[in-house]
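Enquirer: Predicted model follows, preceded by the sequence.
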Amino acid sequence: MSECGGRGGGGGNNSEDAEDEGGGPKGSGSLSPAGAAASLEGRIRRGLRGASLMARQRPELLCGAVALGCALLFALKFTCSRAKDVIIPAKPPVSFFSSRSPVLDLFQGQLDYADHVRQDSEVVVLFFYAPWCGQSIAARAEIEQAASRLSDQVLFVAINCWWNQGKCRKQKHFFYFPVIHLYHRSFGPIEYKGPMSAVYIEKFVRRAMKPLLYIPSQSALLDFLSSYEPGVLGYFEFSGSPQPPGYLTFFTSALHSLKKDYLGTVRFGVITDKHLARLVSLVHSGSVYLHRHFNTSLVFPREVMNFTAENIYKWASENQETLFRWLQPHGGKSLLLNNELKKGPALFLFIPFDPLAERHPLLDEITEVALEYNNCHGDQVVERLLQHLRRVEAPVLQSLAPELPASLPDTQLMAASPCCNTVVLPQGPALSRTHNVCELCVNQTVGGTRPSSVSVPQCSFFEMAAALDSFYLKEQTFYHVVSGSIECSNFLTSYSPFSYYTACCRTISRGMASFTGSEQNVLTAPAIEFSSLEKSCEATAPSSIPHIEENRYRFPQVGLTSTAFTGLSCRTNKTLNIYLLDSNLFWLYAERLGAPSSAPVKEFATIVDVKEESHYILDPKQALMKFTLGTVGGLPSSA
């Protein structure tokens, strides 16, 4: 028998077939690679020869085969096309707002129609949304509420920017929803990035509607300048022209400022009375003034910079002064608070804020505290603004822009005599033969730059109670063996570097006193030692304070009528940066910083010092006001 696979598949015994199949003499036992290729070629040749012969003999079979192949290809293509139809097409969009809503809802993404109606309105608010977006759904009611209050002045248009067949989806490429754009005539868009709250949205729209605040009187001027926000004033004479030169540029600069900063940190005002303008050193129509509380105020340098809207805003933002900042965390992962804490000790104030209110008494008190805290040189303009904030009657202003003196005397510090009290530490272990007797003194340093400064009454019970409380927390520091030396330690009683207490202790033997179980014997035995302890306590220099700061409530100083901390920011290297947060929106942050979750009034103040690893909070039982702000800030007390 021959070997399997030695021949090709076809039968035949002529010599031609043998050569075609084997590629060699007939009867070869195996094939080389060349022979295998030749064998395959022979098969194909015979197959084609057979098909040609069959087509000549029976052509109807060839036509049937071709028709069957075409049918198979058509069936395969139809099956594949049906597989693509498994994806269900999107349903047509429906209205996102109700038919009774004051918001015009373009739920099919008609961006061209939105551009058309925008040309006929002075102020237009465009609300871009995605129907499936939870934030868009939550903001819908807030937009409707704001639109209902402003519908007679502002056109609110909502646009579905998610439907794939709408022009909005094809032309806009937003990375988040919802998005609010505001247009003021031909200026825009101004994007709003604040809280999706009706009152904040309405405040933003009203600010864009009226970017310039008219200043008609001296009282209005004082209101404008005493605000915590930087103020830019433009003087324009309207008597000779309905639109003075430069007025439109100044108006556009106010809108440009709102575009760069949706919070409107820099405010813009207009003065038309020449006598009022002279109070802020404005003489010529078209001049612009930037008010600064502590540095010299500035007038826009027309000779150096072109008078354009962008340049006015750039000049104002680069030279502005900020008393404190509003923070608005967006709720997601952010480095906002972390970046601010890196700048130094931070005072966070959580207050319930109504952006639409005409008056903010608590905000005025905070502004007053910030002005006094930073008024290092007792500037007369700042003092006048403080009087206005306190609603104190004052004479008519001569000028609000005096030159600062070339040199001012350095602030002097007057050290008050300490108030001391004897402290006996609780007994240690039963086998211990030593006892610590300490002299505890409360030291205060009061600023005295003015003759009217009067020191605060010393030996306050609350201060001594706070010092004793802290002292007993650290009493283990003074447990030592019998030693004749006096050891002193200094501790802060609050955040203030000007108020601390000193504990000077000497370890004595229990044999020096006749202990009979009465604590009075312990107190009377080492009477000779107290005089030297007190002298050491008083002699301790406040400059070398190895203090240990701690977290605890500070007792209120009852009986004091006022606090004076004018210029304290210049007398310590622990200057506080002040930040405000709306407790109606961000109370969760206050709770994480120590505020009670069930507080009847959402007011809270805390100091966070990352460098010193310190955290101070104001007692939640105390009302947030000027006096208590001075205590939580650790500011020294004075008359």
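Expert: Cool, the structure landed.

Enquirer: Domains in this structure, by residue range?
Expert: 90-200, 211-321, 323-376+569-633, 419-446+458-509 (the TED database).

Enquirer: Dump these to TSV, plus distance to L61 and mean pLDDT.
Expert: For glycine as for every other residue, the C-beta is placed from the backbone atoms N, C-alpha and C. TSV is the format used below for those (distance: least, Cβ to Cβ, whole Å; pLDDT from 0 to 100):
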stretch	distance to L61	mean pLDDT
domain 90-200	51	92
domain 211-321	81	89
domain 323-376+569-633	73	83
domain 419-446+458-509	104	63
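
Enquirer: could those go into JSON lines alongside mean neighbour count and distance to R391?
Expert: Putting these into JSON lines (neighbours: other Cβ atoms under 10 Å; distance: least, Cβ to Cβ, whole Å) gives the following:
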{"stretch": "domain 90-200", "mean neighbour count": "17", "distance to R391": "26"}
{"stretch": "domain 211-321", "mean neighbour count": "18", "distance to R391": "11"}
{"stretch": "domain 323-376+569-633", "mean neighbour count": "17", "distance to R391": "9"}
{"stretch": "domain 419-446+458-509", "mean neighbour count": "18", "distance to R391": "27"}
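
Enquirer: Including distance to G47, could the ones you listed go into JSON lines?
Expert: As requested, the domains of the chain are exported to JSON lines (distance: least, Cβ to Cβ, whole Å):
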{"stretch": "domain 90-200", "distance to G47": "53"}
{"stretch": "domain 211-321", "distance to G47": "79"}
{"stretch": "domain 323-376+569-633", "distance to G47": "70"}
{"stretch": "domain 419-446+458-509", "distance to G47": "100"}
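
Enquirer: right, and those - which one's nearest L386?
Expert: Using Cβ to Cβ as the measure, domain 323-376+569-633 is the one of these that comes nearest L386, at 5.8 Å.

Enquirer: Please identify the helix or strand for D115.
Expert: Taking DSSP states H and E as the definition, one finds D115 inside helix 111-118.

Enquirer: which strands and helices sit next to that helix?
Expert: On a contact count with 3 or more Cβ pairs under 8 Å, 6 or more residues apart in numbering; DSSP states H and E, helix 111-118 meets strand 104-106, strand 123-129, strand 155-160, helix 167-171.

Enquirer: If we use 6 Å, what do you get?
Expert: Counting contacts by 3 or more Cβ pairs under 6 Å, 6 or more residues apart in numbering; DSSP states H and E, helix 111-118 packs against helix 167-171.

Enquirer: Convert the C-alpha atoms of the helix or strand just after the helix it packs on to PDB, please.
Expert: The helix or strand immediately downstream of helix 167-171 is strand 179-184, counting by DSSP H and E. Extracted in PDB, the C-alpha atoms of strand 179-184 (Å, rounded to 0.1, in the frame of the first residue of the first chain):
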ATOM      1  CA  VAL A 179     -24.600  77.600  32.300                       C
ATOM      2  CA  ILE A 180     -25.900  81.200  32.700                       C
ATOM      3  CA  HIS A 181     -24.800  83.900  30.200                       C
ATOM      4  CA  LEU A 182     -26.000  87.500  30.500                       C
ATOM      5  CA  TYR A 183     -25.900  90.100  27.700                       C
ATOM      6  CA  HIS A 184     -26.200  93.800  28.100                       C
END
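
Enquirer: Which elements pack onto strand 179-184?
Expert: Using 3+ Cβ pairs under 6 Å, 6+ apart, the elements in contact with strand 179-184 are strand 123-129, strand 187-192.

Enquirer: quick one: strands adjacent to it?
Expert: Strand partners for strand 179-184, identified by DSSP bridges, are recorded as strand 123-129 (antiparallel), strand 187-192 (antiparallel).

Enquirer: now those in a markdown table, with distance to D582?
Expert: What follows is the strands paired with strand 179-184, written out as a markdown table (distance: least, Cβ to Cβ, whole Å):
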| stretch | distance to D582 |
| --- | --- |
| strand 123-129 | 22 |
| strand 187-192 | 16 |
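
Enquirer: Dig out what L126 forms beta bridges with.
Expert: L126 has the following beta-bridge partners by DSSP bridges: V157, H181.

Enquirer: what about stretch 275-292, how long is it end to end?
Expert: With Cα to Cα, to the nearest Å as the measure, stretch 275-292 spans 21 Å from end to end.

Enquirer: got a list of contacts for it?
Expert: 225, 231-237, 244-246, 271, 297-300, 316, 319, 321, 397, 399-401 (Cβ atoms under 6 Å, 6 or more residues apart in numbering).

Enquirer: The residues you listed in helices, which ones?
Expert: Among those, the ones falling in helices (DSSP state H) are 225, 316, 319.

Enquirer: and the first one, how far is that from E142?
Expert: Using Cβ to Cβ, to the nearest Å, L225 is found at 33 Å from E142.

Enquirer: Same check on C63?
Expert: The gap separating C63 from E142 is 74 Å, by Cβ to Cβ.

Enquirer: what's the answer for S297, then?
Expert: On the measure of Cβ to Cβ, S297 and E142 end up 39 Å apart.

Enquirer: Can you name the residues that contact the closest residue in space to F204 that isn't next to it in sequence?
Expert: For F204, ignoring the flanking residues on the chain, the nearest one in space by Cβ to Cβ, 6 or more residues apart in numbering is Y192 at 5.2 Å. For Y192, the contacting residues are 180, 204, 262, by Cβ under 6 Å, 6+ apart.

Enquirer: can you put those in TSV and add distance to A130?
Expert: Listed next are the contacts of Y192 as TSV, based on distance: Cβ to Cβ, whole Å:
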residue	distance to A130
I180	14
F204	22
Y262	21
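
Enquirer: picking that back up, looking at the domains of the chain, spot the one closest to V382.
Expert: domain 323-376+569-633 (4.8 Å).

Enquirer: Is K259 in a helix, a strand, or coil?
Expert: Classification of K259 by DSSP: H, G, I helix; E, B strand; the rest coil places it in helix.

Enquirer: typo on my end, it should be V437
Expert: Strictly by three-state DSSP, V437 counts as strand.

Enquirer: Show me what it bridges to in the sheet.
Expert: Assigned bridge partners for V437, using DSSP bridges, are V424, R506.

Enquirer: now it: how far from Y501?
Expert: Distance, V437 to Y501, using Cβ to Cβ: 16 Å.

Enquirer: likewise L111?
Expert: With Cβ to Cβ as the criterion, L111 and Y501 are 69 Å apart.

Enquirer: swap in D273?
Expert: Counting by Cβ to Cβ - D273 and Y501 are separated by 56 Å.

Enquirer: cool, T249 as well?
Expert: 60 Å.

Enquirer: Also A138?
Expert: 52 Å.

Enquirer: just L298 next, same as before
Expert: 46 Å.

Enquirer: same question, E144
Expert: 59 Å.

Enquirer: swap in G64?
Expert: For G64, the distance to Y501 equals 112 Å [Cβ to Cβ].

Enquirer: And the residue lying closest to I201 once chain neighbours are set aside, which helix or strand is it part of?
Expert: In space, and not counting its chain neighbours, I201 is closest to A146: 4.5 Å by Cβ to Cβ, 6+ apart. Here A146 sits within helix 134-150, counting by DSSP H and E.

Enquirer: how about the residue nearest to I201, what does it touch?
Expert: Contacts of A146 (Cβ under 6 Å, 6+ apart): 198, 201-202.

Enquirer: from those residues, which ones fall inside helices?
Expert: Per DSSP H, the contacts of A146 map to helices at 198, 201-202.

Enquirer: Which member of these is positioned nearest Q57?
Expert: I201 (88.5 Å).

Enquirer: burial count for that closest one?
Expert: As a burial measure, I201 scores 27 neighbours (other Cβ atoms under 10 Å).

Enquirer: What distance do you get for it to I271?
Expert: Relative to I271, I201 is positioned 30 Å away (Cβ to Cβ).

Enquirer: Secondary structure element holding I366?
Expert: Once you assign secondary structure using DSSP H and E, I366 falls within helix 361-374.

Enquirer: Which strands or helices does that helix pack on?
Expert: Secondary elements touching helix 361-374 (3+ Cβ pairs under 6 Å, 6+ apart): helix 380-389, helix 626-632.
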